[in-house]
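Q: The following block contains a protein sequence and its predicted model.
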Amino acid sequence: MREHNGVVEEIPASYDATTNTITFASAKYSTYTLVSLYTEKPFCFNKSILNAMKNSNKSFVYYFMYKGHLYSVTIPAGTDASKVLEKNGYTGPFYVGKILGTTKFIK
């Protein structure tokens, strides 16, 4: 996915298992993500999901719609779940965004 000037779009990519590389083309200097999730409504993350991300070497980008606006929250590789979990053992994208930084793409 590419975010350029507030527009998020999926761009074609190919994976080569022999070289373990992903290739894509773009003529724009933009923000790119390889691991992402898009939902029409925000959902919560629990401790086990966040712990799995902690043990990953990949960042996770979550795009979601809320009241007609597109948001993005990035959970960097190795993020400690205890830093973003609320007392009930879950966390939502706005709370994660408050701690780690949420970007609003469309006004």
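A: That came through, no problem.

Q: measure the closest residue to S30 other than its chain neighbours to Y32 for me?
A: Take S30 and drop its neighbours on the chain: the residue closest to it by Cβ to Cβ, 6 or more residues apart in numbering is H4, 3.9 Å away. Quick note: C-beta positions are derived from backbone N, CA and C, even for glycine. Distance, H4 to Y32, using Cβ to Cβ, to the nearest Å: 9 Å.

Q: Check V96 too.
A: Counting by Cβ to Cβ, the gap from V96 to Y32 is 20 Å.

Q: same thing with G78?
A: Applying Cβ to Cβ, the value for G78 to Y32 is 20 Å.

Q: Mind checking what secondary structure Y63 has?
A: strand (DSSP: H, G, I helix; E, B strand; the rest coil).

Q: This structure: strands as residue ranges?
A: Ranges of strands within the chain are 2-4, 7-9, 14-16, 21-23, 31-32, 36-39, 45-46, 60-66, 69-75, 90-91, 102-104, based on DSSP state E.

Q: now the ones you listed in TSV, with distance to K54 and mean neighbour count?
A: Formatted as TSV, those follow (distance: least, Cβ to Cβ, whole Å; neighbours: other Cβ atoms under 10 Å):
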stretch	distance to K54	mean neighbour count
strand 2-4	25	16
strand 7-9	26	13
strand 14-16	25	9
strand 21-23	23	10
strand 31-32	23	14
strand 36-39	17	13
strand 45-46	12	18
strand 60-66	11	19
strand 69-75	9	20
strand 90-91	13	18
strand 102-104	19	15
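
Q: The ones you listed: lowest mean pLDDT?
A: Lowest mean pLDDT within these: strand 102-104, at a mean of 65.

Q: want to try CSV for the strands of the chain, with distance to S82 as columns?
A: Below are these laid out as CSV (distance: least, Cβ to Cβ, whole Å):
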stretch, distance to S82
strand 2-4, 29
strand 7-9, 30
strand 14-16, 34
strand 21-23, 32
strand 31-32, 28
strand 36-39, 22
strand 45-46, 13
strand 60-66, 17
strand 69-75, 13
strand 90-91, 11
strand 102-104, 19
